[in-house]
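Chemist: Fold the following for me, if possible:
(one chain, ligands or ions: 1)
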Amino acid sequence: MIIEAEQVSYNYGEINALENISFEVKPGELLGVIGPNGSGKTTLVKNITGILKNNGSIYFNNRSSNLSELNRKTVARKIGVVPQMSQLKGDFTVREVIEMGRYPYQKKFKDNDNRGKEVVNKVINKLTLERFEDRFIEELSGGEFQKVLVARALAQEPEVLIFDEATSHLDINHSIDIFKLAKQLIKDEKITVIAIIHDLNLAAQFCDRLMVLNNGKKIAIDEPEKIITQNMLADIFNLEAIVQPNPVNKRPYIIPVV
Ligand SMILES: Nc1ncnc2c1ncn2[C@@H]1O[C@H](COP(=O)(O)OP(=O)(O)OP(=O)(O)O)[C@@H](O)[C@H]1O
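Modeler: Next up is the predicted model:
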């Protein structure tokens, strides 16, 4: 397994944001994490990336290391995060933003990242960002900027990419493009993707498996066909909906009853 989380709990003071969460992530899969607002999804990501520390264990790459015991920089060489359209502002060019992804390989005050330029060039090439590389980020559309954030995470040379609501502000076509890109990276770069997704239909169409969180607890983890059911939508999302197979790919498709 690429990730094995065991008994991960996290409290913000009185609030139990995560309660004894255990799950496994298979290498090369696209695992979607779904759940209502406040269910613990972002807290889980912060525990995986070492921003928050828990008493459980999050083993990496066939238990070769325990992420819960590593510092953030070491984790960042293994796991890259693609955030929601970030607040990153300033006079940065696309290339400079992608170069920021090299920080886990750089020591303070010393440019000792010999491979950095080569990796950044490869990423720009892979994501066909050549024509944008000298543009300022403020001159990009939302979809283009999101791709730059994927590129920045890839410059970390991660084995796992986490998409943290990375498509929430994008229109349907650009959201689909980002998930297609994730699938492509899984195939070409042999990485694994964990994606927090609010749009349940997108989650059902693209993910190999879905994990449902509610009130800080893991409710289920399974294939979309088993997860996206009328009962789950009613119980967890308080949503009355019809679920039908998508006629094209047979994945479950949700039609809210309004
Ligand atoms: N910094 C914080 N201090 C105190 N409580 C917090 C903090 N961050 C999150 N929480 C609480 O922890 C719980 C889980 O929050 P979290 O942000 O992980 O949920 P989420 O599933 O990512 O939500 P959303 O879908 O709205 O982004 C919520 O009850 C939230 O209010």
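Chemist: Show me what from the chain comes close to the ligand.
Modeler: 12, 15, 17, 35, 37, 38, 39, 40, 41, 42, 43 (C-beta under 6 Å from any ligand atom). Heads up, the C-betas are built off the backbone N, CA and C, glycines and all.
Chemist: What is the burial count for the fifth one?
Modeler: For residue 37, the count of nearby residues is 6 (other C-beta atoms under 10 Å).
Chemist: And what about it, helix, strand or coil?
Modeler: Assigned state for residue 37: coil (three-state reduction, DSSP: H, G, I helix; E, B strand; the rest coil).
Chemist: Which one of the residues of the chain next to the ligand is nearest to residue 181?
Modeler: Distances from those to residue 181 were compared by C-beta to C-beta; the smallest belongs to residue 41, at 21.0 Å.
Chemist: helix/strand/coil for the nearest residue to residue 47 once chain neighbours are set aside?
Modeler: On the basis of C-beta to C-beta, 6 or more residues apart in numbering, the spatially nearest residue to residue 47 that is not a chain neighbour turns out to be residue 54, at 5.1 Å. Residue 54 carries the three-state label coil when classified by three-state DSSP.
Chemist: wait, doesn't residue 54 sit right on residue 6?
Modeler: No - with contact defined as C-beta atoms under 8 Å, residue 54 and residue 6 do not form a contacting pair (10.3 Å).
Chemist: between those two, which one's more packed in?
Modeler: A direct count of neighbours by other C-beta under 10 Å for residue 54 and residue 6 places residue 54 higher, at 20 against 15.
Chemist: The more buried one and residue 20, how far apart?
Modeler: Taking C-beta to C-beta, to the nearest Å as the criterion, residue 54 is separated from residue 20 by 10 Å.
Chemist: same question, residue 45
Modeler: Here the criterion is C-beta to C-beta. By it, residue 45 lies 17 Å from residue 20.
Chemist: Comparing these two, which residue is more hemmed in?
Modeler: With neighbours defined as other C-beta under 10 Å, residue 45 and residue 20 compare such that residue 45 has more, 21 against 13.
Chemist: Stretch 133-143: end-to-end distance?
Modeler: Distance between the two ends of stretch 133-143: 15 Å, counting by C-alpha to C-alpha, to the nearest Å.
Chemist: now do stretch 187-201
Modeler: End-to-end distance for stretch 187-201, by C-alpha to C-alpha: 22 Å.
Chemist: pLDDT of that stretch, averaged?
Modeler: What stretch 187-201 shows for mean pLDDT is 96.
Chemist: again, but for stretch 35-49
Modeler: Confidence for stretch 35-49, expressed as mean pLDDT, is 97.
Chemist: Could you work out the end-to-end span of it for me?
Modeler: Taking C-alpha to C-alpha as the measure, stretch 35-49 stretches 20 Å from start to finish.
Chemist: Make residue 1 into 4 and carry on from there
Modeler: Yep, numbering from 4; the last one is stretch 38-52 now.
Chemist: check contacts around residue 55.
Modeler: 13, 46, 49 (C-beta atoms under 8 Å, 6 or more residues apart in numbering).
Chemist: same thing but 6 Å
Modeler: 13, 49 (C-beta atoms under 6 Å, 6 or more residues apart in numbering).
Chemist: Can you give me the pLDDT of it?
Modeler: Predicted confidence (pLDDT) at residue 55: the value is 94.
Chemist: What does it show for phi and psi?
Modeler: For residue 55, the backbone dihedrals are phi -110, psi 150 (criterion: degrees, to the nearest 10).
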